[in-house]
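A.B. asks: here you go, sequence then predicted model.
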Amino acid sequence: MPPGLTSTESHPSSSPSAVFLKTQDHLEPRILSTSRDRMTEAPFRPREKLIEKQKYYQSIHRHTYLKGPLDKITSVTIPLALAAASMYMIGRGIYNMSHGIGKKE
């Protein structure tokens, strides 16, 4: 990007975008037509870290939902606990109904 350019007020997908070139004593309008001249925001993470994470996740030979460090808790343990609790409550309800426990007069 040429030095002295200020931020644009247009959407990144619109083309061409207008910017102002700052000179010694005034602002001069200029049309940017190439993607090289457009301003982009900085990435959230460095590219090296992203590539490292991609290589890690692509090298693991497990199911997709079990690749993260805490995925066994969220994908296996919690659903099993919910299933066990619901089976217990259903069983208790069937037992109570068959023995008339909690029946209103």
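C.D. replies: It's in. Predicted model, so just to flag it, every value in this text is computed and none were measured.
A.B. asks: quick check: Gln58 vs Thr64, distance?
C.D. replies: 11 Å (Cβ to Cβ, to the nearest Å). Where C-beta positions appear, they are placed from N, C-alpha and C, glycine not excepted.
A.B. asks: wait, Leu50
C.D. replies: Note on Leu50: its distance to Thr64, by Cβ to Cβ, is 18 Å.
A.B. asks: now swap in His99 and tell me
C.D. replies: Taken as Cβ to Cβ, the span from His99 to Thr64 is 46 Å.
A.B. asks: and Ile101, helix, strand or coil?
C.D. replies: Following DSSP: H, G, I helix; E, B strand; the rest coil, we place Ile101 in the coil state.
A.B. asks: what does stretch 80-90 rub up against?
C.D. replies: By Cβ atoms under 8 Å, 6 or more residues apart in numbering, no surrounding residue is in contact with stretch 80-90.
A.B. asks: which stretches of the protein have low pLDDT?
C.D. replies: Applying pLDDT under 70 to the chain flags the ranges 1-39, 65-67.
A.B. asks: ok, now with 90
C.D. replies: The chain contains residues with pLDDT under 90 at 1-47, 50, 53-76, 103-105.
A.B. asks: what about the strands in it?
C.D. replies: 17-22, 27-32 (DSSP state E).
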